[in-house]
Every structure is written in structure tokens, then in C-alpha cells.
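[1] Starting from these lines, generate the structure:
(one chain, ligands or ions: 2)
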Amino acid sequence: MIYTVTLNPSIDFIVEVEDFKLNGLNRMTRDLKLPGGKGINVSRVLNRLGTDNTAVGFIGGFTGCYVEDCLKAESVRTGFVKVQQDTRINIKLKHGEETEINGLGPAIREEDALQLLRQLEGVGVGDVLVLSGSVPPSLGEDFYDRLIEGCQRKGAEFVIDTTGAALRNALKHKPLLIKPNHHELAELFGVTLKDKTEVAAYGRKLLELGAQHVLVSMAGEGALLLTETETYEANVPAGRVRNSVGAGDSMIAGFISAWTEGKGLLEAFRTGVAAGSATAFSDDLATGEYIRELRSQVHLTKWN
Ligand SMILES: Nc1ncnc2c1ncn2[C@@H]1O[C@H](COP(=O)(O)OP(=O)(O)O)[C@@H](O)[C@H]1O
Ligand SMILES: O=P(O)(O)OC[C@H]1O[C@](O)(COP(=O)(O)O)[C@@H](O)[C@@H]1O
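    Ligands and ions are numbered 1, 2, ... in the order given. Here you go, the predicted model:
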């Protein structure tokens, strides 16, 4: 079983305005509310690809009910711990470019945290936990560590998609996969990465620090897959970008879907890239059909 863990879910409120006026009244030309949070996005795409999974994490208030109802409507299995305060609303403002304003999220009490840890005590060998997104400030930076230690004691593997100290700490536990984008990778090492050779070199440092596989996504410029011995580069399929929110989450879903079906590393990489691009070319997350259609346009090149 795959469990996606979203510690800080959201409603993603996608708002479009023309000629955005700072300090002025702007009227929306289009808006859309979507259930969000990185693990939740992974779950929705896994479901669309027909890969069995359960979405867990913390959810609360009327906004949390909305997120859960949306997931139920798509038959995504959920097992959220209910918290007292409202799940956050993240604003994704489209004004020619994309500006994001993500909320802090509700306070999580220690008893809520313990409930989630207890719930995940049932995992075992063959299970994969996908730990995605930021950690709410009230949980403490070590919460992913506590989760990882618990799941590893039971023999489960984990994927982690987060940033900064939480990502750095997780590396020593040898994640099956991490997927920074090239900006996150540069930020992690406090450098500017000027080309793909440098991206690969810094991605390799994450392998040295413990990751089993490193996927570096580079939005419209494709992606790199790094293993201990090999480097592969993928192009992106052709299409018009509509909404890139959730592209990275979709990439993880595509990768893990193929990987857990035993299709091998390269097919997992190809499916991941197709899923990321299919979402970037869609208003909401990609459909399974669109991901399968784009897969044939993804070509992998092995670096020497
Ligand atoms: N502009 C784009 N054109 C084509 N594919 C894209 C685009 N943006 C994202 N993707 C696809 O989604 C993947 C993840 O996107 P990226 O923006 O790098 O991740 P994140 O959402 O984590 O920042 C990319 O590797 C690519 O396959
Ligand atoms: O937990 P964080 O880091 O605040 O991110 C949450 C946001 O990330 C998203 O999951 C999108 O992430 P990506 O675009 O990186 O795939 C949104 O749905 C959500 O608003």
C-alpha cells in the first residue's frame, strides 16, 4: 500500500486577473478551488493512474471538510486526523505570471501528532510512504524524523518531497526517492546553478548524503534522474502550459505508480515526466489518460 502524508493540506484557490493592479481593486476573470497540499495531489494522481493508495495527514474545519469531500468524490481513500483549526487556503494568483501565497495552516497539538504516528504503526514491508510538503510550524521540525523512524522500524520505504532542514535531515534515513526542483536544489546548497552539468553535480551530493534516487525537475527544461552509477536526462513533451501547480507532485505520483507496479527505474522516470507535464498542460491535475498519451513523447538520454 502507498500512503501519502500531507501534514499541511490546503484548498488551492486559483485566481486569474487581467492587468493586475497592486494597491487597486482587481476583479477575477476566473477562479477555481481545488483540494491541495503536496501529498493530496500525489494521491489524486495515483488514483487517476489506478494505483491504490490512502491519503493521511491533518485536516480541520470547513475548509478541511471541503478537501475531504473533494477527495471522496474522486474515490481517493482518506484517513485524516481531525484537528480543531481550519485547514489553510493557498492563493495561486495568475496575472500573466504565477504568484503563490501559501497559508501557515492550523495548530497541531501533540495528541493529534501522536494519533497520526499511531495510525501509521500498521505499515510494513512493501509499503511506501510519500511524505510531501511543508511541516506546520506547531509540529516541530523533527516530525518527519519521527514518522520516518516509525515506518522504517516496520520495514516500509519512504519518498520525501520537502525543502530546507526537513529534507536535509531526512537524507540520512536513505529515502527511496527525493525530487527537488532545480531552484530548491540550488537553495539547499546556497549556490546558483548555471547549467544541467552543475545541476547533476549538486544532485549527486544528495545521493552521497543518503538518497537512493534523485529526480531533479526543471519545469519546462525537463528533468534529470541520478542513481549511484548513472545519470539520465528527459525532455518534456510539447504542450501549452495552463497551470503548473501540482506538476512536481504529479511527477512523484507517476514515478511511484510505475515503480510500485515493478516497471523499473526508467519507465518510472518516463511516467513521472509525462505526469508532471500532463498536469502543467491541464487546469486541474492530469488525467490518467493524458499521462499515458504523453508518455510516448518523453525520451531519455543516458549521460556518459
Ligand atoms: N512549463 C512546463 N512545460 C512542460 N512540462 C512542465 C512544465 N512545468 C513543469 N513541467 C513538468 O512537470 C515536472 C515538474 O515540474 P517542476 O515545475 O520542475 O516541479 P515543481 O512543481 O516541484 O516545482 C517537470 O519535470 C516537467 O516534466
Ligand atoms: O506544503 P507547501 O510547501 O506549503 O506546499 C503546498 C502547495 O504545494 C502544492 O502541493 C503544489 O506543489 P507543486 O507545484 O510543487 O507540485 C499545492 O497544491 C499547495 O498549495
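
[2] and R48, how far is that from N90?
    21 Å (C-beta to C-beta, to the nearest Å). (Each C-beta comes from the backbone N, C-alpha and C, glycine too.)

[3] ok, which residues in the protein are in contact with ligand 1?
    Taking C-beta under 6 Å from any ligand atom as the measure of proximity, the chain contacts ligand 1 at 181, 217-220, 223, 236, 241, 244, 247-248, 251, 273, 276-277, 280.

[4] Looking at neighbours, which among those residues is most surrounded?
    In terms of neighbours by other C-beta atoms under 10 Å, the residues of the chain next to ligand 1 top out with G276 at 35 neighbours.

[5] Show the secondary-structure elements that the helix or strand containing that residue is packed against.
    Using DSSP states H and E, G276 sits within helix 265-280. Helix 265-280 is packed against strand 214-217, strand 223-226, strand 231-234, helix 247-260, helix 288-295, strand 300-302, with contacts defined by 3 or more C-beta pairs under 8 Å, 6 or more residues apart in numbering; DSSP states H and E.

[6] List the buried residues of it.
    By neighbour count on 16 or more other C-beta atoms under 10 Å, the buried set for helix 265-280 is 267-280.

[7] what do you get for stretch 130-141?
    130-136, 138-139.

[8] Farthest-apart pair in these, please.
    Spatially, the most separated pair among the buried residues of stretch 130-141 is V130 and S138, at 22.1 Å (C-beta to C-beta).

[9] Ligand 2 contacts on the protein?
    When proximity is defined as C-beta under 6 Å from any ligand atom, the chain approaches ligand 2 at 8, 10, 12, 36-38, 41, 90, 102, 133-134, 245-249.

[10] List the contacts of the residue sitting nearest the centre point of the chain.
    Central residue of the chain (C-alpha atoms, centre = their mean): D249, 3.1 Å from the mean position. Contact analysis of D249 by C-beta atoms under 8 Å, 6 or more residues apart in numbering lists 38-39, 41-42, 45, 132, 161, 279, 285.

[11] Pull up the per-residue confidence for the closest residue to G272 other than its chain neighbours.
    Excluding the flanking residues, the one nearest G272 by C-beta to C-beta, 6 or more residues apart in numbering is F255, at 3.5 Å. At F255, the model reports a pLDDT of 98.

[12] just V245 next, same as before
    Looking at V245, its pLDDT stands at 87.

[13] Can you report how many residues lie near it?
    Per other C-beta under 10 Å, the neighbour tally for V245 reads 21.

[14] about what we covered before: quick one, grab the pLDDT at the residue nearest to the centre of the chain.
    pLDDT recorded at D249 is 98.

[15] Got phi/psi on the nearest residue to it once chain neighbours are set aside?
    In space, and not counting its chain neighbours, D249 is closest to N41: 3.5 Å by C-beta to C-beta, 6+ apart. Dihedral angles of N41 (phi, psi; degrees, to the nearest 10) stand at phi -60, psi -40.

[16] surely N41 meets L285?
    Yes - in terms of C-beta atoms under 8 Å, N41 counts as a neighbour of L285; the distance is 6.1 Å.
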